[in-house]
Structures are given as structure tokens and as C-alpha cells.
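Peer 1: with the sequence up front, the predicted model follows.
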Amino acid sequence: MTDGSELLTGVSGTALVVSMARAAESRRADRLFEDRLAGPFLDAAGPERQAVWNTDQGEQFTAAMGDYFALRTRYFDDFLGRACAAGCRQVVLLAAGLDTRAHRLDWPAGTRLFELDLPAVLAFKEHVLRGETPRCRRETIATDLRGEWPAPLVAHGFRTDAPTAWLIEGVLVYLTADVADSLMGQVSALSAPGSRLAVEHVTRAMVDSDQAREAVADSPDGVVNLLASLWKNEMTRPPGDWLAAHGWSATEDPLTDLARRHARPVPPAFDPARPGTGRVRLLTAVR
Ligand SMILES: C[S@@+](CC[C@H](N)C(=O)[O-])C[C@H]1O[C@@H](n2cnc3c(N)ncnc32)[C@H](O)[C@@H]1O
């Protein structure tokens with residue numbers, strides 16, 4: 001029987017990139033979190049699927065991203081802890097990928113966590129997670145976020161009258177601005193008062209940096225071109241305004257502050273002190 005890793009192509013394959021970073025962070029003595037299941041995902045995917053990242057350009061990409069995925073993961077871990085402390089017992093991970101927070105974070109009793117992603121990703125994930133026990137009540141919903149995902153979410157037990165903690169991590173850049181806006185409309189319509197939201201806001205323009213363009217020109221078959229071919233979001237609206245228009249009061253945390261707080265270097269790809277670099281924005285919001 002196949003483990004389904006052959007289906008992790010295109011945008012689904014990006015979930016493995018995050019697992020690589022989480023596995024590496026988990027090996028550090030000063031780790032910002034421990035994701036003991038990230039390694040098993042990589043093992044199951046096999047060396048062939050990781051080969052593209054073991055090229056010169058793959059290594060350059062990893063160096064340029066630096067501690068970004070680790071900082072982002074920890075930022076959202078902390079958000080979820082605060083959201084639960086504020087009373088949320090319902091958590092939704094949109095485009096959950098190979099996120100194992102259901103298995104690795106401490107959840108208050110009664111927490112229900114919903115993971116949504118494309119069928120191929122969740123099939124592979126379930127194959128690897130067989131026998132692992134989540135630390136909350138976990139539901140997976142194989143769906144396309146470009147469509148009508150709220151109905152299956154509600155059918156799996158999601159309650160529109162309960163405050164929810166929503167996480168949108170690592171996916172907005174892969175959705176067109178219209179789809180992202182429709183997604184935020186769907187999230188907002190499902191959010192009871194007291195709901196919280198955390199989002200990594202990235203657009204194509206924000207990551208189409210001088211460095212990325214040079215990498216694509218140097219090696220059109222390399223990983224940066226692979227990723228760039230998936231970037232779709234061309235939203236120009238400031239994310240705080242965008243979220244406000246959907247009824248959310250947002251706070252942005254500059255990546256430079258986050259890095260300083262955790263005594264880590266600013267990820268080179270997003271370092272404003274270096275010329276020609278990209279930008280990402282990390283925000284939390286309340287309704
Ligand atoms: C870079 S990964 C991030 C995964 C996860 N949020 C994390 O940080 O570990 C991007 C994820 O978005 C998912 N994705 C992209 N487009 C999607 C869509 N239209 N519907 C559902 N999931 C999608 C991919 O399958 C992939 O798992």
C-alpha cells in the first residue's frame with residue numbers, strides 16, 4: 001500500500017518544507033518548540049521527495065529563510081495558548097498541512113480542533129499519524145478552501161455559537177486575492193463574538209524579492225521557481241485594514257521584534273536591514 005507521499009505535489013508539497021524546518025528546530029537544544037512528528041513525515045516522504053531541497057539552491061533557500069518557520073510556528077503556538085486562556089474551546093487550522101499542534105500542545109479539557117486541507121495532504125498525514133493520540137478532540141476535513149468548506153466543517157460538529165480560534169498559516173500566498181477575501185468572509189461569518197484569528201499575511205509582491213528573482217534566473221528548475229510558480233495572491237490592501245473590513249481588530253507583530261524576543265537572528269530573506277529582501281506580516285485579531 002502506498003503512503004500517499006507521491007500525491008504531495010504542487011502546493012501540497014509545501015507542507016513538507018515546513019516539516020523539514022520543524023524537524024530541524026526540534027533537534028536544537030534551544031528549540032522554540034518540539035515537533036517529534038515532523039521527522040516521521042519526512043521519513044515517510046522519503047529521500048526522493050526531499051531531493052530538491054538538498055540541491056545548492058535548496059540549501060540557499062533554507063539559509064535565507066533562517067529561523068523563519070520556527071519563529072512563525074512559535075508565534076502561532078503562543079497565540080493558540082492565549083486564545084484558549086481567553087475561553088476558546090474550538091480551534092480551526094485552515095490549510096493545516098502537516099501541523100501537529102493537536103498532538104503536541106496542551107489543550108484545555110473539551111477542546112475540539114478541526115484541520116482542513118486538500119485530500120492528498122490529509123491522506124498522507126493520517127497514514128503517518130496512525131496510532132498517535134491527539135491531546136484534544138481532533139477532526140480532519142479534506143476540502144478545498146477555494147470552495148464551500150463551511151458546510152462540511154459544520155457537519156463535523158463545528159459550532160457557530162462558540163468562540164473560535166482560527167489559524168491561517170502559510171497559505172494566503174497560494175490563494176488569489178479574491179479567494180483569500182472570500183475565505184475571510186467565510187471565516188468571519190462562522191465566528192461568534194470573542195473569536196480570535198491569527199494569520200500569516202503574504203502576497204506575491206512581498207516575496208517576489210530581488211533575491212528570489214536572481215535565484216529563479218540562476219536556476220529555472222530550482223526550488224525558488226517551483227515556489228514562485230505557486231504564488232498567486234496580489235492583494236495590495238494593508239492586512240490590518242483588510243481584517244478590519246471583515247470585522248476584526250488586528251495587531252501586527254513585526255518579525256524583527258519576534259526574532260529579538262526569542263534571541264534569534266532576523267531571517268535573512270525578510271530582513272529589512274538588507275537590500276532587496278521580501279516581507280511577511282504576522283497578525284493576531286479579535287472579533
Ligand atoms: C506551506 S503549507 C502550510 C501548512 C500548515 N499551515 C503549516 O504551517 O504547517 C501550505 C498548505 O496549504 C494547503 N493548501 C493550499 N491551497 C489549498 C486549498 N485551496 N485548499 C486547502 N488547502 C490548501 C496545502 O495543501 C499545504 O498543506
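Peer 2: Ah, there it is.

Peer 1: tell me the pLDDT at the residue of the stretch 1-150 of the chain found nearest the ligand?
Peer 2: At 2.4 Å from the ligand, Gly97 is the closest residue in the stretch 1-150 of the chain, using Cβ to the nearest ligand atom. C-beta here means a position set from N, CA and C on the backbone, and glycine is covered the same way. The score at Gly97 is 97. That number is its pLDDT.

Peer 1: do Leu227 as well
Peer 2: Value for Leu227, per-residue pLDDT: 89.

Peer 1: so what's the closest residue in space to it that isn't next to it in sequence up against?
Peer 2: Excluding the flanking residues, the one nearest Leu227 by Cβ to Cβ, 6 or more residues apart in numbering is Thr14, at 7.2 Å. For Thr14, the contact set (Cβ atoms under 8 Å, 6 or more residues apart in numbering) comprises Gly97, Gly170, Tyr174, Leu227, Leu230.

Peer 1: turn those residues into TSV, including neighbour count.
Peer 2: As requested, the contacts of Thr14 are arranged in TSV below (neighbours: other Cβ atoms under 10 Å):
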residue	neighbour count
Gly97	25
Gly170	23
Tyr174	20
Leu227	20
Leu230	14
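
Peer 1: farthest-separated two in these?
Peer 2: Maximum pairwise distance in the contacts of Thr14, criterion Cβ to Cβ, is 14.4 Å, between Gly97 and Leu227.

Peer 1: near the ligand, which residues of the stretch 1-150 of the chain?
Peer 2: Residues of the stretch 1-150 of the chain found near the ligand, taking Cβ under 6 Å from any ligand atom as the criterion, are 11-12, 14-15, 18, 95-99, 117-118, 121, 144-146.

Peer 1: buried only: go through these for me.
Peer 2: Buried subset of those (neighbour count, 16 or more other Cβ atoms under 10 Å): 11-12, 14-15, 18, 95-99, 117-118, 121, 145.

Peer 1: tell me the mean pLDDT over the helix or strand hosting Gln50?
Peer 2: Using DSSP states H and E, the element containing Gln50 is helix 38-50. When pLDDT is averaged over helix 38-50, the result is 90.

Peer 1: that one: which residues count as buried?
Peer 2: Ala38, Gly39, Pro40, Phe41, Leu42, Ala44, Ala45, Arg49, Gln50.

Peer 1: tell me which other helices or strands that helix touches.
Peer 2: With contacts defined as 3 or more Cβ pairs under 8 Å, 6 or more residues apart in numbering; DSSP states H and E, helix 38-50 has these neighbours: helix 14-26, helix 119-129.
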